[in-house]
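Participant: Got a predicted structure here, sequence first:
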Amino acid sequence: MPRLTLTRRALLDTRCAVIHCTGAAKRALLQRASEAGEVAELPIRIVLQQDRVPVHIFHVD
């Protein structure tokens with residue numbers, strides 16, 4: 001699957017952010033990303049560690 005990269009502004013200039021992921025490895029990654037740390041280490045933190053827009057996470061094993 002091709003990767004799509006968006007800027008921080010594009011990600012946060014929305015009404016809400018929706019994250020959809022599958023599998024135990026992605027669940028663990030999201031858990032780790034929701035903890036304090038550098039955005040450069042896990043860029044998904046741009047979305048998870050902000051309070052500008054609501055975030056909805058959908059996970060399927």
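Facilitator: Looks like it came in fine. Numbers count the residues shown, from 1 in each chain.

Participant: For the rest of this, base every contact and every neighbour count on C-alpha atoms.
Facilitator: OK.

Participant: The longest helix belonging to the chain: what's the following helix or strand?
Facilitator: In the chain, taking DSSP state H as the definition, the longest helix is helix 24-33. Of the helices and strands lying after helix 24-33 in sequence (DSSP states H and E), the nearest is helix 45-48.

Participant: List the buried residues for the longest helix of the chain?
Facilitator: For helix 24-33, burial by neighbour count (16 or more other Cα atoms under 10 Å) applies to 27, 30, 33.

Participant: In this protein, which residue is most central in space?
Facilitator: Nearest residue to the geometric centre of the chain (Cα atoms, centre = their mean): residue 44, 3.7 Å.

Participant: My read is that that residue contacts residue 33, right?
Facilitator: Yes - under the criterion of Cα atoms under 8 Å, residue 44 makes contact with residue 33 at 6.8 Å.

Participant: Looking at the buried residues of helix 24-33, spot the one nearest residue 18.
Facilitator: residue 30 (12.9 Å; Cα to Cα).

Participant: roughly how far apart are that closest one and residue 20?
Facilitator: From residue 30 across to residue 20, the span is 11 Å (Cα to Cα, to the nearest Å).

Participant: picking up where we left off before, what does the longest helix of the chain rub up against?
Facilitator: 21, 42, 44-45, 48, 59, 61 (Cα atoms under 8 Å, 6 or more residues apart in numbering).
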